[in-house]
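Trainee: task: produce atomic coordinates for the following.
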Amino acid sequence: MKRGKRVIENKKLVDKTKKYSIDEAIDILKKTKKVKFDETVELSMLLGVDPKKSDQMVRGATTLPHGTGKKVRVLVFANGDKAKEAIEAGADYVGEDDLIEKISNGFLDFDLVISTPELMKKIGKLGKILGTRGLMPNPKVGTVTKDIGKVVNEAKRGRVQFKMDKNANLHTVVGKISFDKEKLKENIIHILTEIKRAKPQSAKGTYFKSVTLSTTMGVGVPLDTAEINSIK
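Mentor: Residues are numbered from 1 along each chain as shown. Below is the predicted model:
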């Protein structure tokens, strides 16, 4: 089936005048014509906050109950016992000056960077490389830590980071289309709960203004924000 025809058929499954429950949205995505790879399922949302105010930034990290379905390549800046701890926890790359030089020369074959607090001054020189890709370790999302083993374990089990952009939009992964419905639903509710928990105290009014569930190559299904805003 050609891509154009597949997209047209998929769009027919969604009523543009309707907002769907999480259950209904998952059912629709499961019915869509698939591509040849296991598509990622994503949430995209517009939040009711003022992105121009520094105290209304929404960001955080959490471990999905059923993981992301993706193998995460973890790079850790650590030395001594902490380096050993990272290796034992399953980190893919562990080092210090050697990794700094390697990244400076173009190495970017990893998905997450974790660092001990002591090494942050050293890796500051990588800010332009890692920062522009959203990979710079940050204590606010738990990637600058002394508890290296725990964070590496969480990353391997399905830890995801979320961060609002300058227009108050936020995108996050919730799993793979091959996941069964209940696992996808539990992941979705979990991440929405965590994003709601991160709501700034100074933000007023409706928090989730619009939310869409989609797959990598599939159609977007608008969710019922009343249901989402009522999540405890």
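Trainee: let me know how buried G220 is, in neighbour terms.
Mentor: Look at G220: counted by other CB atoms under 10 Å, it has 16 neighbours. Using the backbone N, CA and C atoms, a C-beta is placed for each residue, glycine as well.
Trainee: my read: it touches S210, true?
Mentor: No. Counting by CB atoms under 8 Å, G220 sits too far from S210 to count as a contact (10.5 Å).
Trainee: buried residues, stretch 28-43. List them.
Mentor: Within stretch 28-43, the residues scored as buried using 16 or more other CB atoms under 10 Å are 28-29, 32-34, 39-43.
Trainee: and the furthest pair within these?
Mentor: Pairwise distances across these peak at 21.4 Å for K33 and L43 (criterion: CB to CB).
Trainee: average pLDDT across stretch 162-174?
Mentor: Confidence over stretch 162-174 (mean pLDDT, whole number) is 94.
Trainee: which residues sit against that stretch?
Mentor: Stretch 162-174 is contacted from outside by 40-51, 57-62, 64, 68, 70, 134, 141, 160, 184, 187-188, 191, 194-195, 198, 213, using CB atoms under 8 Å, 6 or more residues apart in numbering.
Trainee: mind doing that once more with 7 Å?
Mentor: Contact with stretch 162-174 is made by 40-47, 49, 51, 57-60, 64, 68, 160, 184, 187-188, 191, 195, as judged by CB atoms under 7 Å, 6 or more residues apart in numbering.
Trainee: any of those residues buried? List them.
Mentor: Counted by 16+ other CB under 10 Å, those give 40-43, 45-47, 49, 58, 60, 64, 68, 160, 184, 187-188, 191, 195 as buried.
Trainee: filter these down to the ones in helices?
Mentor: Mapping those onto helices (DSSP state H) picks out 184, 187-188, 191, 195.
Trainee: closest one of the residues you listed to K19?
Mentor: I188 (15.1 Å).
Trainee: where's the closest one relative to Y93, distance?
Mentor: As judged by CB to CB, to the nearest Å, I188 and Y93 stand 31 Å apart.
Trainee: then L108?
Mentor: 11 Å.
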